[in-house]
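A.B. asks: Task: produce atomic coordinates for the following.
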Amino acid sequence: MLNYGMILYFSFIGLIIITIILRKKPILISALGLLSVGFGETFNLFQAIQIAFRALLSTTGDFLPIILLIGLVVAMTDLLKETETDRVISKPLDKLQKASLIYWIFGMILWLLSLFLWPTPAVTLLGAVILPTLGNTKINPLGLAMGLCIFGEGLALSGDYIIQGAPGLLAKSAGVGVEDVIRTSIPFVMGSGIIASLIGFWKFNRLNKKNLYYSEEKTIPPDENRKNSKKSMILAFITVFIFLAAAAFLLKSGLRGDKATAVTGGVTIFVLIVGTLFWNFRTSLNSFARYIQGGLKFSMEVFAPIAVIAAFFILGTQKGNETILLKSGSGYLEQLSTILSGMISLNLFSCSIMVMAAAILGAMSGSGFSALPFVGGIAAALSQAAGLSAVHLAVLGQVTAIWTDATIIPWGFPAVVSAVTRTEAGSIVRNNLIPWIGVLTWLLAWAMWNI
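C.D. replies: Next up is the predicted model:
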């Protein structure tokens, strides 16, 4: 099963990991990896170049809705800051004397929104109104970004008890019942959520002591503050009302995933249009163009390097094998899991480790959710061979994959959070490493005790 392309693929994964450990950006390594793997598969430089481009094109297409959504949110955020509307919106937060309250309040709000809307539209919906105001609350955005990763995708999607997309997909691929998956996952999800949120809270407090806050610049002269204060209050009311109405509509309509993301994006550009016209009709044509350009420029700067890295990792999945390498069958990551399962003695510990490793490898594409069919299939095969519970092994893989993507994959959910909070995805990942290790330790310990 081994070939030159597969050997090169995992060799470059090792180089990427080393580069990240050295705190360097692995973008060039990933781009070279695309060309090298393509050449290892075809032994043709012209075809290798095409493979590299197809990988970038495929990944960019997947990221485009998020790039656009984040760009619109940042554009609207710039409007709120320039008009000092953010200060009006953040005024209720001034009563919160303890930063710890903000960590738990924002975290629980995001958790609830993510249960009903899924993490990406939920974090952008929350961030569109609340996160731009953090410059007035003396909160380190990096600490809060960690919390959003933990409460958003980590805690909410690892169980996915409302929409049930994750347990439904896992149950189908593992050949077990959805109800069994949900019931079995409760201690895995709740235990991991408690451990990650507490460790994240500890890190949050430590980061806040470093005084790394948002830098705010006043763009409105002091003599115009009184004149524009009424406008700021009106615009703040319009913004909050529209987003609250959008949240209520999404909860009532049952729209989820990409459809919910579309609503969030549409509402954001609507607020941007209304706010620009309302603030200064005479300069609105130039102002609107400036906001859009600034927002999309920021979003592209964040996701452009991430797209290159993600393209390399997607190359190793079944999707990448079929759409990029134009081959049929499983990808490098699936093939590696199959090889390992044939080399290692199967027992409770080894099967648990292999399922968790498969989940981590699957999540490296930047989507823990898309790793679930792969994890479910591995869990079903190992459980049958070792005489273990397929449900427990599958759930172990599900929760591992979701938490991995939520916390330590820079081109996964941390990329979305970094764009919303204007922090660096790599910094979020480094601070999330301890919570992630704590989660994996709990998952393995619970699996050893209960499978």
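A.B. asks: helix or strand right after the top helix by length along the chain?
C.D. replies: The single longest helix within the chain, with elements called by DSSP state H, is helix 45-82. Counting by DSSP states H and E, the element after helix 45-82 in chain order, helix or strand, is helix 85-90.
A.B. asks: Could you give me the buried positions within the longest helix of the chain?
C.D. replies: For helix 45-82, the neighbour count (16 or more other C-beta atoms under 10 Å) marks 48, 51-52, 54-56, 58-60, 62-63, 66-82 as buried. For every residue, glycine as well, the C-beta is placed using N, CA and C.
A.B. asks: give me phi/psi at the closest residue in space to Ile16 that isn't next to it in sequence?
C.D. replies: Leaving out its chain neighbours, the residue that sits closest to Ile16 by C-beta to C-beta, 6 or more residues apart in numbering is Pro26, at 4.3 Å. Main-chain dihedrals, Pro26, degrees, to the nearest 10: phi -90, psi 30.
A.B. asks: Quick one: residues contacting Pro26.
C.D. replies: Leu15, Ile16, Thr19, Ile20, Ile309 (C-beta atoms under 8 Å, 6 or more residues apart in numbering).
A.B. asks: Repeat that for Phe413.
C.D. replies: Pro119, Thr120, Cys149, Gly152, Glu153, Gly368, Asp405, Ala406, Thr407.
A.B. asks: Could you report the distance from it to Trp118?
C.D. replies: Distance of Phe413 to Trp118, computed by C-beta to C-beta, to the nearest Å: 11 Å.
A.B. asks: Quick one: list the elements packing against the helix or strand of the chain with the lowest mean pLDDT.
C.D. replies: In the chain, the helix or strand scored least confidently by mean pLDDT, DSSP states H and E is helix 332-343, which has a mean of 74. Judged by 3 or more C-beta pairs under 8 Å, 6 or more residues apart in numbering; DSSP states H and E, helix 332-343 is in contact with helix 4-21, helix 348-363, helix 372-386.
A.B. asks: Lowest mean pLDDT across those, which one is that?
C.D. replies: When the helices and strands packed on helix 332-343 are ranked by mean pLDDT, helix 372-386 comes last with a mean of 80.
A.B. asks: Not counting its own residues, what contacts that helix?
C.D. replies: By C-beta under 8 Å, 6+ apart, helix 372-386 touches 166, 169-176, 317-318, 333-334, 337, 341, 346-348, 351, 354-355, 358-359, 362, 388-390, 393-394, 396-398, 400-401.
A.B. asks: likewise stretch 423-433?
C.D. replies: Contacts of stretch 423-433 (C-beta under 8 Å, 6+ apart): 20, 23, 25, 141-143, 145-146, 149-150, 200, 203, 207, 302, 306, 407-411, 414-415, 417-418.
A.B. asks: Show the buried residues in these.
C.D. replies: For the contacts of stretch 423-433, buried by 16+ other C-beta under 10 Å: 20, 141-143, 145-146, 149-150, 200, 203, 207, 302, 306, 407-411, 414-415, 417-418.
A.B. asks: Out of the residues you listed, list just those in strands.
C.D. replies: Among the buried ones among the contacts of stretch 423-433, no member is found in strands (DSSP state E).
A.B. asks: picking up where we left off before, packing partners for the longest helix of the chain?
C.D. replies: Against helix 45-82 (3+ C-beta pairs under 8 Å, 6+ apart) you get helix 27-42, helix 85-90, helix 119-129, helix 225-253, helix 257-279, helix 284-314, helix 318-323, helix 413-421.
A.B. asks: Repeat the analysis, applying 7 Å as the threshold.
C.D. replies: helix 27-42, helix 119-129, helix 257-279, helix 284-314, helix 413-421 (3 or more C-beta pairs under 7 Å, 6 or more residues apart in numbering; DSSP states H and E).
A.B. asks: tell me the angle that helix makes with helix 27-42.
C.D. replies: If you take axes from the mean of the first three to the mean of the last three C-alpha atoms, to 10 degrees, helix 45-82 sits at 150 degrees to helix 27-42.
A.B. asks: Spatially, what comes nearest to the most centrally placed residue in the chain if we skip its sequence neighbours?
C.D. replies: Centroid-nearest residue in the chain, with C-alpha atoms, centre = their mean: Phe413, separated by 0.8 Å. Leaving out its chain neighbours, the residue that sits closest to Phe413 by C-beta to C-beta, 6+ apart is Glu153, at 4.4 Å.
A.B. asks: and that neighbour, what is it in contact with?
C.D. replies: Pro119, Ile402, Asp405, Ala406, Phe413 (C-beta atoms under 7 Å, 6 or more residues apart in numbering).
A.B. asks: one more time with 8 Å
C.D. replies: Ser114, Pro119, Gly368, Ile402, Asp405, Ala406, Phe413.
A.B. asks: Can you report how many residues lie near the fourth one?
C.D. replies: What that stands for is Ile402. 31 (other C-beta atoms under 10 Å).
A.B. asks: now it: how far from Ile314?
C.D. replies: Taken as C-beta to C-beta, the span from Ile402 to Ile314 is 18 Å.
A.B. asks: Next: the first one.
C.D. replies: Ser114 sits 24 Å away from Ile314, going by C-beta to C-beta.
A.B. asks: Please say which of these two ends up with more neighbours.
C.D. replies: Legend: neighbour count by other C-beta under 10 Å for Ser114 and Ile314, higher for Ser114 (27 against 24).
A.B. asks: residues in contact with that one?
C.D. replies: Ser114 makes contacts with Ala122, Val123, Phe151, Gly152, Glu153, Leu155, Ala156, Leu157, as judged by C-beta under 8 Å, 6+ apart.
A.B. asks: And the pLDDT for the last one?
C.D. replies: Here the pLDDT value assigned to Leu157 is 88.
A.B. asks: Tell me how many other residues crowd Trp202.
C.D. replies: For Trp202, using other C-beta under 10 Å, the count is 12.
A.B. asks: In JSON lines: the contacts of Phe413, plus pLDDT and distance to Ile378.
C.D. replies: Output for the contacts of Phe413, formatted as JSON lines (pLDDT from 0 to 100; distance: C-beta to C-beta, whole Å):
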{"residue": "Pro119", "pLDDT": "84", "distance to Ile378": "24"}
{"residue": "Thr120", "pLDDT": "81", "distance to Ile378": "26"}
{"residue": "Cys149", "pLDDT": "95", "distance to Ile378": "25"}
{"residue": "Gly152", "pLDDT": "90", "distance to Ile378": "26"}
{"residue": "Glu153", "pLDDT": "90", "distance to Ile378": "22"}
{"residue": "Gly368", "pLDDT": "77", "distance to Ile378": "15"}
{"residue": "Asp405", "pLDDT": "91", "distance to Ile378": "17"}
{"residue": "Ala406", "pLDDT": "93", "distance to Ile378": "20"}
{"residue": "Thr407", "pLDDT": "94", "distance to Ile378": "21"}
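A.B. asks: got JSON lines for those residues, with distance to Phe241 too?
C.D. replies: Converted to JSON lines, the contacts of Phe413 look like this (distance: C-beta to C-beta, whole Å):
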{"residue": "Pro119", "distance to Phe241": "24"}
{"residue": "Thr120", "distance to Phe241": "23"}
{"residue": "Cys149", "distance to Phe241": "29"}
{"residue": "Gly152", "distance to Phe241": "24"}
{"residue": "Glu153", "distance to Phe241": "28"}
{"residue": "Gly368", "distance to Phe241": "34"}
{"residue": "Asp405", "distance to Phe241": "34"}
{"residue": "Ala406", "distance to Phe241": "31"}
{"residue": "Thr407", "distance to Phe241": "34"}
